[in-house]
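>>> can't give you the sequence, but here's the structure:
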């Protein structure tokens, strides 16, 4: 049984730009979620939240860890966002593991993620085991910080599934659709492309396209046909879907128009605006909070019904 050592950040003084929280607290939550999924896959884990880097490295080496996973959130200038993953070099097992984690985590996070980089951080060069060093999103960006806080379970699961892919094991709970569900939600967020591109990318990454697409179809959460009538009367032809950040299309533009009319999308619209971006997500969350629609940033049936009534 492979051993995975989890080292979440203990930087409790690194305040988030959103919410009364910090890096140490949120990374602890991510690591706990990650540990649960790793254990469900039959992997042996050790999570050490408190302690110096030297103490953590020593504990991992004494335990005989097969993989060392650092979990952090990032900060820079309050403008940059996205996920960064580091390893020692691009010829060893650390890079192989980093690729698996990055492949699942980067498409999930809202910012622009860079490719895997090499580094000589203490927790990369110190452990005897290969190391994957994760910097998930930038907590000095308010929207990214909020996303982290609201998605610690998803982040932990994505890291765990990347680790499982590296070791070639399957999480037991995936039999209930857990892993497929995460991938399907990434597809709905526009992270895997469309049509033939989506099939090619999912297949190349080692996933069952038909299984993932079937779950995507289940999650579409179609709005009742009667709800589309106002849009048709307005001359907008669309098939209403569950909309998430990163998606585009006529239905996204229709939602922008409807949100603008209700005061939740302040931007002027150009003729080709049809991308669900950060400003639309911000307006949607405000609309959902103010109208008790369930503030998840996803435009599903409840939000559509509110917009179209």
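Done, it's in. Source: prediction; values computed, not measured.
>>> Next one: residue 211 relative to residue 200, how far apart?
Per C-beta to C-beta, to the nearest Å, residue 211 is found 16 Å from residue 200. Bear in mind the C-beta positions are built from the backbone N, C-alpha and C, glycine included.
>>> make that residue 155, sorry
From residue 155 to residue 200 the distance is 26 Å (C-beta to C-beta).
>>> more crowded one of the two?
Each of residue 155 and residue 200 has its neighbours counted (other C-beta atoms under 10 Å); residue 155 has more, 27 against 13.
>>> Now for the more buried one: which residues touch it?
By C-beta atoms under 8 Å, 6 or more residues apart in numbering, the contact set of residue 155 is 30, 33, 34, 105, 108, 109, 136, 148.
>>> Quickly find the element holding the residue nearest to residue 212 when sequence neighbours are not counted.
Once flanking residues are discounted, residue 212 sits nearest to residue 183: 4.9 Å by C-beta to C-beta, 6 or more residues apart in numbering. Here residue 183 is covered by helix 178-188, with elements defined by DSSP states H and E.
>>> ok, and the helix or strand in the chain with the lowest average confidence?
Every helix and strand in the chain was compared by mean pLDDT, DSSP states H and E; the lowest is helix 229-233, with a mean of 45.
>>> So which elements touch the helix or strand just after it?
Downstream of helix 229-233, the next assigned helix or strand under DSSP H and E is helix 250-261. With contacts taken as 3 or more C-beta pairs under 8 Å, 6 or more residues apart in numbering; DSSP states H and E, helix 250-261 sits against helix 278-290, helix 301-308.
>>> Redo the ones you listed as TSV? Include mean pLDDT.
Conversion of those to TSV gives the following (pLDDT from 0 to 100):
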stretch	mean pLDDT
helix 278-290	88
helix 301-308	83
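>>> Adding mean neighbour count and distance to residue 162, write the ones you listed out as CSV.
Shown next, in CSV, are the helices and strands packed on helix 250-261 (neighbours: other C-beta atoms under 10 Å; distance: least, C-beta to C-beta, whole Å):
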stretch, mean neighbour count, distance to residue 162
helix 278-290, 18, 25
helix 301-308, 19, 31
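>>> closest one to residue 47 among those?
Distance to residue 47, taken as C-beta to C-beta, is lowest for helix 278-290 among these, at 31.5 Å.
>>> other SSEs contacting the closest one?
Identification of packing neighbours for helix 278-290 by 3+ C-beta pairs under 8 Å, 6+ apart yields helix 142-150, helix 250-261, helix 301-308.
>>> What mean pLDDT does the second one get?
This means helix 250-261. For helix 250-261, the mean pLDDT works out to 84.
>>> what comes up buried for that helix?
251, 252, 253, 254, 255, 256, 257, 258, 259, 260 (16 or more other C-beta atoms under 10 Å).
>>> Equivalent analysis for the first one, please.
Residues of helix 142-150 classed as buried: 143, 144, 145, 146, 147, 148, 149 (neighbour count, 16+ other C-beta under 10 Å).
>>> distance of residue 31 from residue 58?
19 Å.
>>> Looking at those two, which one has more neighbours?
residue 31 (26 against 14).
>>> Was I right to think that one contacts residue 73?
No. Contact criterion C-beta atoms under 8 Å: residue 31 and residue 73 do not qualify, at 11.8 Å.
>>> give me the element residue 216 is part of.
With DSSP H and E as the test, residue 216 turns up in helix 209-219.
>>> same deal with residue 266?
Taking DSSP H and E as the definition, residue 266 sits outside all helices and strands.
>>> Please give me every residue in contact with it.
Neighbour list for residue 266: 260, 279, 283 [criterion: C-beta under 8 Å, 6+ apart].
>>> Right, I'll leave it there.
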